[in-house]
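> Build the 3D model from these lines:
(chains A and B)
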Amino acid sequence: MADVTFDIAVIGAGPSGSMAAQHAARQGRSVALFDRNARVGTPVRCGEGIGLKSFVNHAGNRPEWTLNRVKSSVMVSPSGIKVAIGNIDESYVLDREKMDFDLAAEAVKAGATLLLSTPVTGVTRTPDGKYQCHTPEKHYTASCLIIADGVESRIARFLEWNTALSRDDIETCAFCRVTSPLIDKDACVFFTGSTVAPGGYAWIFPRGKSEANVGLGIIGNRSSSGAAKEYLMKFIDRELPGCHYTNLHCGGVPVARYVRPLVCGGALLVGDAARQVNCISGAGIHYSLFAGKLAGTIAGQAVGSGGAVNYGVLQTYEPLWRKQYGKQQDRSFALKEFVMKTDDAFLDRIASSLAKEPPEKMNYMRVFTRTFAKRPLLLLKAMRLFG
Amino acid sequence: MQKSCSGVSMTVSISQEKCDHCGTCISVCPANALMLLTETLLVDTNRCTCCGLCVAVCPFGALQPFSSETVPPNTTGTGHG
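Coordinates of the predicted model:
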C-alpha cells in the first residue's frame, strides 16, 4: 500500500479542522486535511445561531456567512409562558454550508492538501513517533496529528484517549429547514419542557423572511431510538402547523467537560472531538474556530524541517485554550449539571417571574441570575460564563 | 467471536436507509465498535458489547438490537486498518 508523508495531518474538515489546517500551512508546513465526505459543509449539522462578538474575534468580519440579524430572543417555558429578551448582543443566523466550504477553501489556498472522500479508518503510531493514518486507499504518515473528527471523536481512541461520552453528556438532535409564514424574522425562539425536548431545548432560528432552522436536542439519558426526530415532528406540527420542511438531518452535541489532556505526544484534539462546546447553549463554533487556529499555529511552529517535533511547544496549546475558553467551558458544564436536575415547574416559576419585566431591559444575565438565585456558587459561575 | 448477552448472540443492525451519518452513535460507543465510511455506517461485531447505548441515542432510530447467530452481510465490518 502506498505511503504518503506530510508534516501535519488534520482529520476532519469542519470549522476547527479547516482552521487548524490553514494556520499550520501558513507556517510553511506540509498539511493534509482529511474528510470522509465528498463535499465539505453538507449536510449542515448545526442550529446556525451565533453571537457576533465571539465569532468575529476568531473568524474576522464575514458578512458573507451571515443570513439574518436577529434583534431579540424569546424563551418559552414548559407551560407556554414567553420571556422576551430584547437586550442581546449582536446575533446572527449563519450560513454554515458556505462557511465550512469557504474555510476549507482557505486552508487549501494557504497550501493544505484537502483529501475528500477519504475516511481515516484508524491511526497507529510508528516506532519513531510518527502517526500513520489509514484510509481505504493509502497510508499517510505525519509527524503531528490534529484530530478534528467532530462529535464522534473516534480517532483519539486509537491513541489511548477515552473520548466515549456517557448518556448524560450527549444531546441527540434533529433539525430541518422550515418555510412558514408563522416565522418571526427578528427573533430566535427557544422552547423548553419535558414534553418539548427532555433535558434540552427546541429552537426556531430565522434564516430570513418565512424561513428558519428548526430543531431540538434531547439529553441522551432521556432519549430512546429515534426520539429526537419524533419530538421534532410533534414540535413542528404544534408550533408551525402546515409548514413545509426540507433538509431534515440529525446530529449529536457533546455537553461534557473538555477532554483532558488536549495534547498527547504529537497529537492535539480540537473542536467537538475535544468536547469544546458550551454545555448550556450547545454553541461550539467560536470555541472551534479559536481552538483550531491555536492548535494549527502551534503545530506549525512545533514541527521543524525534516519532520522533527518540539513536543514542549505542542504542550502550550492546552493552557492557552484553558485561559481563553476552557474555564468558561468548565463553568458551563457545572451549570448544565444543575439545570438537568430542575423540572418543568422550576422553569415555569422563573419564566413567570421574568415575564413581568420589560423586554428591552431583559438580558441573558438576568435570566441566569434568576435561575441560580438560590445557588451563590452557580450564580458566580453563570455571571462569569458570558464575561 | 461474537459477544453474547443471556446466551444469545447480539449486536446492532443498521438501517442504512434511515442512517444520516451523523456519528452520534459513535460518540457514545464505549467499545469503539462503530465506524463511518463516506456514506456507510459499519459495526464491528467482534468489538460490539451489545450495550445498547447507540440504539438509545440515535436521533433517527437507524440502529436496532439484533440477535442472531448470523449477521446480515451489509452490517458487518472489519474495524480499522
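> how distant is stretch A:172-185 from the center of its chain?
Mean-position distance between stretch A:172-185 and its chain equals 19 Å (CA atoms, centre = their mean, to the nearest Å).
> gap between the two ends of that stretch?
Using CA to CA, to the nearest Å, the end-to-end distance of stretch A:172-185 comes out at 26 Å.
> taking the mean pLDDT, what do you get for stretch A:38-46?
For stretch A:38-46, mean pLDDT is 93.
> Apologies, that question was intended for stretch B:35-44.
Here the average pLDDT along stretch B:35-44 is 92.
> Show the end-to-end separation of it, please.
8 Å.
> buried ones in that stretch?
Across stretch B:35-44, burial judged by 16 or more other CB atoms under 10 Å in any protein chain shown covers B:35-36, B:40-44. For glycine as for every other residue, the C-beta is placed from the backbone atoms N, C-alpha and C.
> Inside helices: which ones of these?
Among those, DSSP state H puts none in helices.
> which of those residues come close to chain A?
Filtering the buried residues of stretch B:35-44 for proximity to chain A by CB under 8 Å from any CB of the partner chain leaves B:35-36.
> Closest one of the buried residues of stretch B:35-44 to residue A:366?
residue B:36 (42.4 Å; CB to CB).
> who are the neighbours in contact with the closest one?
If a contact means CB atoms under 8 Å, 6 or more residues apart in numbering or on different chains, then residue B:36 has A:36, A:119, A:152, B:21, B:23, B:26, B:42 as its contacts.
> How about the fifth one: what's its closest non-neighbour residue?
Looking back up the chat, that one is residue B:23. Spatial nearest neighbour of residue B:23, excluding adjacent residues (CB to CB, 6 or more residues apart in numbering or on different chains): residue A:152 at 3.4 Å.
> The one you found: neighbouring residues, count only.
28 (other CB atoms under 10 Å in any protein chain shown).
> Any idea what residue A:249 is bridged to?
Beta bridges link residue A:249 to residue A:175 when assigned by DSSP bridges.
> ok, it touching residue B:23?
No. At 11.9 Å, residue A:249 and residue B:23 do not qualify as touching, with contact defined as CB atoms under 8 Å.
> Please enumerate the strands of the stretch 51-200 of chain A.
With DSSP state E, counting those that start in this stretch as the criterion, the stretch 51-200 of chain A has strands at A:66-70, A:72-76, A:82-85, A:91-94, A:113-115, A:122-125, A:131-134, A:139-147, A:170-179, A:187-191.
> Show me what the second one is packed up against.
The reference is to strand A:72-76. strand A:82-85, strand A:187-191 (3 or more CB pairs under 8 Å, 6 or more residues apart in numbering or on different chains; DSSP states H and E).
> Can you list the strands that the strand ranked longest in chain B pairs with?
With secondary structure taken from DSSP state E, chain B has its longest strand at strand B:8-14. Strand B:8-14 sits in its sheet next to strand B:4-5 (antiparallel), strand B:63-67 (antiparallel), going by DSSP bridges.
> Quick one, which of the helices and strands packed on strand A:72-76 gets closest to chain B.
Nearest of the helices and strands packed on strand A:72-76 to chain B, taken as CB to the nearest CB: strand A:187-191 at 17.4 Å.
> next one: the closest one to chain centre, how far?
Distance of strand A:187-191 from the chain centroid (CA atoms, centre = their mean) equals 19 Å.
> quick one: what helix or strand has residue A:4 in it?
Taking DSSP states H and E as the criterion, residue A:4 maps to strand A:3-11.
> Now do that strand and strand A:139-147, the angle between them.
With axes from the mean of the first three to the mean of the last three CA atoms, to 10 degrees defining the directions, strand A:3-11 sits at 20 degrees from strand A:139-147.
> what packs against strand A:3-11?
Using 3+ CB pairs under 8 Å, 6+ apart, the elements in contact with strand A:3-11 are helix A:15-26, strand A:31-34, strand A:131-134, strand A:139-147, helix A:285-302.
> For chain B, what's the nearest residue on the stretch 201-350 of chain A?
residue A:226 (2.4 Å).
> likewise the stretch 1-150 of chain A?
residue A:122 (2.7 Å).
> hang on, the earlier thing: name all residues that make contact with the residue of the stretch 201-350 of chain A closest to chain B.
Each residue near residue A:226 by CB under 8 Å, 6+ apart is listed here: B:58-62.
> Repeat the analysis, applying 7 Å as the threshold.
B:58, B:60-61 (CB atoms under 7 Å, 6 or more residues apart in numbering or on different chains).
> you'd agree residue A:207 is in a strand?
Yes. Secondary structure of residue A:207, determined by DSSP: H, G, I helix; E, B strand; the rest coil: located in a strand.
> How many neighbouring residues does the residue nearest to it when sequence neighbours are not counted have?
Counting by CB to CB, 6+ apart, residue A:67 is the residue found nearest to residue A:207 once chain neighbours are left out, at 4.8 Å. For residue A:67, the neighbour count with other CB under 10 Å is 18.
> doesn't residue A:209 make contact with residue A:67?
No. Using CB atoms under 7 Å, residue A:67 is not in contact with residue A:209; the gap is 10.8 Å.
> which ones are touching the residue nearest to residue B:23?
B:23, B:26-27.
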